[in-house]
Every structure is written in structure tokens, then in C-alpha cells.
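# Sequence first, then the predicted structure:
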Amino acid sequence: MFLLKNFFTHKQKKITLSELKDALHNEEFVFYYQPEWELKTNKIIGVEALVRWQSPSRGYVPPMQFISLLENSELMPEFSKFLFKQTIADLKQLHRINPNLFMAINLSVSQLQEPNLLENLQKNLAEHDIDPKYMECELTESQELNDDILANGILEKMSALHIPVSIDDFGTGYSSFDRLKKLNISKIKIDLSFIRTLLDDPKNQAIVASMIKLGHDLGFPVLAEGIETTAQQKWLKSNGCDLGQGYWFSHALPLTQLIAFLQDKTHKK
């Protein structure tokens, strides 16, 4: 869909911080949105924002090639401002089609330590008159939430502002039962590594079923990432999984294509 040959095989010189700075100033970062849908009704309830770098010299650059450098640089506060400005403006457009749609954005550990993070988020939400409950912040479980982050109370502040917080890539990292209880999580997303071999591995089926039960016992919905086949979708639905995301339903789409996709789904109701 977006130059897959270049996307996966492109080999060039090492990306520099100076390049990323120029890319940010020139607005070369773009967002694609992957729908999240309710398995029971097959309706889209939200989208996840995924950043891409559309470089004039390199073509499309996958996040794995630049995101780590960006996250560990002094550019992150500026990127956070851009992230909020663009995704919330896009969400406003999406609300013209479905006013109940939420937007999920991924936040890194370094972003959680930015002193003006919540202020910038609230400012953009207010400018577009969007209720904070429609802006979901995803924390990747493979990132360890250090003592500084837990001490600064930012996750509690998000909860107080009714900003949902979800755990992405669940099952691959540092979460414990105690942490899930303390963080006021609104949703867990089962990592696609468990879904990929779901129907070939009885142990994976037992693990996924246990994750679904854990989420429900703690009072929040469970989403399965990486659903690619009808068989996977049917198994997850029959085992009580609430939400899904993956190529079976839709690839990540640029805003214009997502709007057309949503309008098509709305007209077919």
C-alpha cells in the first residue's frame, strides 16, 4: 500500500538526529490510522495512530528505523506537540462521521517525563472541543515504568482527567497483577505474537484465554492485536475477546482513506 518494497528492503546510510530534526520541522512525519473494532458487532469503535516518516530522499521509512533515536533525543517534546496537534485535529474530522470514535496514541517512557505533556494534550483537546475520554494513551508493556514516572503521578493525573490509559503488547513485558491494579488501566491489548500462532499452539490458546479472563476479572475490555484470518477472529470472539485489530479488518490507512472507509461502513449499516 505504501511502497512495500522500499519499506522493507530500503538500505541507506545511518539515520542522523539532524535528519529527524529537519523532518520534524518540514512536517515529513505523517500518521496512518488502524481501526479497532468490536468483535461482537463488527463495528469500528476507534483507531490507533501510527507514525510514518515520508522522507524526500529515503522514501517511506518504517518506525523501527527511527523511533528509538527520536525517543532518546531532545526532539521528543517537540514531537509530542506535533503528535497531539495532528492526531487531535484528525480526530475532529473523524468525529464528523462518528462522534463516539476514540483515538489511541502511543506514548514512550521519555514522553511521560515531559513536564508539559498533559498541558499540551489538554490544550489541543480544548481547541477542538474534544472530550478527553476520546483520546486514549497507550503504554507499551515492554517499557519499564521507572520510579520517577510512578512518582510524578502523571498516570494518576490522566485518570483524574478521564484520559483512558491502555497497555499495549500485553504479555511481553513488565506488567504485574499489582501494577495493573494500581495504574487504573482502561484496556489491555494482547500482543500479536500470541495471535499469530493462536490456532497452531494449544498453549497459546490457554494463555490468550487466561488474558481475556484476567482483563474481565479486573473490569476492563481486552483487545487482540494482529488478527489476520477469519479463523482467528472467530476463535477470539467465541472465547469472549471484546475488541480486535489487524489486517483481517483493515490495514493502517492515511486520513483520507480512513474517512472513505468509515463512510463506506456507515452507509452499509
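Received, thanks. Numbering: from 1, shown residues only.

# Tell me the pLDDT of Ile167.
For Ile167, the pLDDT comes out at 83.

# Give me the distance between it and Asp129.
From Ile167 across to Asp129, the span is 29 Å (CB to CB, to the nearest Å). Where you see a C-beta, it was placed from the backbone N, CA and C, and this is true even at glycine.

# Look at the two and report which has more neighbours.
Ranked by neighbour count (other CB atoms under 10 Å), Ile167 and Asp129 place Ile167 first, with 24 against 8.

# In CSV, could you pull the C-alpha coordinates for the helix or strand where that one lies?
Assigned by DSSP states H and E, Ile167 belongs to strand 165-170. Coordinates of the C-alpha atoms in strand 165-170 are reproduced here as CSV (Å, rounded to 0.1, in the frame of the first residue of the first chain):
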residue,chain,number,x,y,z
VAL,A,165,-4.7,4.5,29.5
SER,A,166,-4.2,1.1,27.9
ILE,A,167,-1.4,-1.4,28.0
ASP,A,168,-0.1,-2.3,24.5
ASP,A,169,1.7,-5.6,23.6
PHE,A,170,0.4,-7.2,26.8
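
# List the pairing partners of it within its sheet, with orientation.
strand 135-140 (parallel), strand 187-190 (parallel) (DSSP bridges).

# how far does the last one sit from the chain's center?
Computed by CA atoms, centre = their mean, to the nearest Å, the separation of strand 187-190 from the middle of its chain amounts to 11 Å.

# For it, give me every contacting residue.
136, 138, 164, 166-171, 180, 208, 211-212, 214-215, 220-225, 241, 243, 245 (CB atoms under 8 Å, 6 or more residues apart in numbering).

# quick one: the nearest residue to Met103 once chain neighbours are set aside and Phe84, what's the gap?
Nearest residue to Met103 in three dimensions, chain neighbours excluded: Leu91, at 4.3 Å (CB to CB, 6 or more residues apart in numbering). Using CB to CB, Leu91 is found at 10 Å from Phe84.

# Please apply the same query to Glu78.
Distance from Glu78 to Phe84, by CB to CB: 11 Å.

# Please apply the same query to Phe170.
For Phe170, the distance to Phe84 - CB to CB - is 25 Å.

# Please apply the same query to Leu70.
On the measure of CB to CB, Leu70 and Phe84 end up 16 Å apart.

# Same question for Tyr33.
Counting by CB to CB - Tyr33 and Phe84 are separated by 15 Å.

# next one: Trp53
18 Å.

# give the contact list for Val208.
Val208 neighbours (CB under 8 Å, 6+ apart): 190, 194-195, 198, 224, 236, 239, 241.

# Take those and lay them out in TSV including secondary structure.
Shown next, in TSV, are the contacts of Val208 (DSSP: H, G, I helix; E, B strand; the rest coil):
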residue	secondary structure
Ile190	strand
Phe194	helix
Ile195	helix
Leu198	coil
Ala224	strand
Leu236	helix
Asn239	coil
Cys241	coil
